[in-house]
Structure formats: C-alpha cells, structure tokens
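Peer 1: Below is the sequence, then the predicted model.
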Amino acid sequence: AKLNCIFVVQFLEWPIALPRTRLISRLNNVMFCRSVLKSVDATVVISAFLESLVVAKNEQSGESKPCCRIPILVDLLSMSGVVATRRERPYVLYCANMDAYGDDALYVVDAFARANVADTELLMVGKATPFTEARIREKAAALGLSSRVVVMNDYLETEALYGLFKGAKALLAPIHDDVRSLARFPFKV
C-alpha cells in the first residue's frame with residue numbers, strides 16, 4: 001500500500017557550513033543537503049539566509065517547493081513567574097552547547113577579558129565535555145580570569161535557566177560574519 005505523507009524538513013543551520021576536520025563528515029553534509037532538498041515536499045527554516053539558500057537550490061533543480069521562514073523567539077510569558085537568580089557578584093551569561101561551539105566559548109572568554117569589568121563574573125552554561133571545559137579554563141587562566149569565569153557544564157531545568165536570564169546583567173550571543181552564523185537566526189533572545 002502506498003502511504004500519502006508530506007515530508008517537511010527543518011533547517012536550523014546549514015550542515016555544509018559546519019566546521020568539520022574530517023573529509024567524510026563534509027561529504028556527508030553535502031550529500032545530506034542535496035538528497036534532503038530533492039526529496040522533501042516543503043522546508044521550514046529559521047533565517048532569511050537559509051531561506052535564500054533553499055530557494056536557490058530549488059530553482060537550480062527546477063523545483064517549486066514551499067519554503068517557510070519561522071524565526072525562533074523566546075516566550076516572555078513563560079518567564080513571568082520566575083525569580084531572578086542572585087549570585088555573590090553580578091554576572092553576564094553565555095548559554096550554548098560549548099562542545100559544538102567551542103571556538104565561540106573561547107571568543108566569549110577573550111571578549112570578557114577585553115571588557116575589563118572587574119566586579120562581574122562570566123557564567124557559561126551548557127554542554128561541555130571535560131576536554132572542552134579544560135580548554136575554557138585554560139583560556140580563562142591565561143587571561144587572569146580563573147576566579148571570575150564559571151562553567152556550568154550541563155543543561156539546566158527551564159526555570160533555573162530563566163532565573164539566570166532574569167538575574168544577568170547581559171546575555172551574550174556571539175554571531176560572526178561567517179556562513180554558520182548567517183544560517184542561524186539573527187538574534188538569540
């Protein structure tokens with residue numbers, strides 16, 4: 001029996017642009033994008049950059065498949081009852097999968113050092129293997145920030161994370177001028 005299903009794919013990043021050291025990973029990402037875009041009925045993306053890539057790929061193949069852009073937003077109402085987290089010192093907050101965005105995490109530590117805010121901590125929240133955490137701590141130590149860079153190397157429950165959002169002096173979102181960053185949504189929060 002034939003199934004009548006609609007196949008929709010959502011792109012959050014452009015896999016071809018993800019930094020990989022192994023050739024097989026790069027080839028796999030290229031083949032994934034080509035095969036997925038040929039076989040889907042529609043695409044959902046999160047940025048105008050991704051939308052333009054998908055539309056161009058569809059035009060190259062002579063296809064006319066729908067592409068819908070839906071930016072990621074934070075639901076502020078879900079944070080309304082959350083109490084702001086207070087720490088000993090004021091803090092700025094960086095949340096990310098630090099294993100996947102290790103260079104961004106190191107960039108944040110470097111930028112924090114340049115900001116020269118002596119009374120403030122850099123609180124880094126997100127997945128970090130011991131190797132990634134060690135790289136961050138080494139960078140912080142080299143910049144004389146060991147006591148002010150705090151790595152919470154796992155994900156938090158939603159309410160705890162929202163409490164940190166509300167208590168932070170600033171939420172940090174490094175966006176670079178490269179394909180990987182362009183493919184993301186143009187804002188974090």
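Peer 2: Now that the structure is in, tell me what you want to look at.

Peer 1: now for the helix or strand hosting Phe131, which elements pack on it?
Peer 2: When secondary structure is defined by DSSP states H and E, Phe131 falls within helix 130-142. Using 3 or more Cβ pairs under 8 Å, 6 or more residues apart in numbering; DSSP states H and E, the elements in contact with helix 130-142 are helix 102-115, strand 149-152. For every residue, glycine as well, the C-beta is placed using N, CA and C.

Peer 1: quick one, it and helix 102-115 angle?
Peer 2: For helix 130-142 against helix 102-115, the angle between stretch directions is 20 degrees (axes from the mean of the first three to the mean of the last three Cα atoms, to 10 degrees).

Peer 1: Tell me how far helix 130-142 lies from the chain's centre.
Peer 2: Averaged C-alpha coordinates place helix 130-142 at 20 Å from its chain's average position (Cα atoms, centre = their mean, to the nearest Å).

Peer 1: Would you mind writing the CA trace of the longest helix along the chain as CSV?
Peer 2: Determined from DSSP state H, the single longest helix within the chain is helix 23-39. The C-alpha trace of helix 23-39 is given here as CSV (Å, rounded to 0.1, in the frame of the first residue of the first chain):
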residue,chain,number,x,y,z
LEU,A,23,36.5,14.9,4.8
ILE,A,24,33.9,12.2,5.3
SER,A,25,31.8,14.5,7.5
ARG,A,26,31.9,17.3,5.0
LEU,A,27,30.9,15.0,2.1
ASN,A,28,28.1,13.5,4.3
ASN,A,29,26.7,17.0,4.9
VAL,A,30,26.9,17.9,1.2
MET,A,31,25.1,14.7,0.3
PHE,A,32,22.5,15.2,3.1
CYS,A,33,21.6,18.7,1.8
ARG,A,34,21.4,17.6,-1.8
SER,A,35,19.3,14.5,-1.1
VAL,A,36,17.0,16.0,1.5
LEU,A,37,16.2,19.1,-0.6
LYS,A,38,15.4,16.8,-3.6
SER,A,39,13.1,14.5,-1.6
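
Peer 1: how about whichever helix or strand comes after that helix as PDB, C-alpha atoms only?
Peer 2: Sequence order places strand 42-45 as the next helix or strand after helix 23-39, per DSSP H and E. Coordinates of each C-alpha in strand 42-45 appear next as PDB, following Å, rounded to 0.1, in the frame of the first residue of the first chain:
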ATOM      1  CA  ALA A  42       8.500  21.600   1.900                       C
ATOM      2  CA  THR A  43      11.200  23.300   4.000                       C
ATOM      3  CA  VAL A  44      11.000  25.200   7.300                       C
ATOM      4  CA  VAL A  45      14.000  27.500   8.000                       C
END
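
Peer 1: coming back round to it: now tabulate the helices and strands packed on helix 130-142 in CSV and tack on mean neighbour count.
Peer 2: Putting the helices and strands packed on helix 130-142 into CSV (neighbours: other Cβ atoms under 10 Å) gives the following:
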stretch, mean neighbour count
helix 102-115, 17
strand 149-152, 18
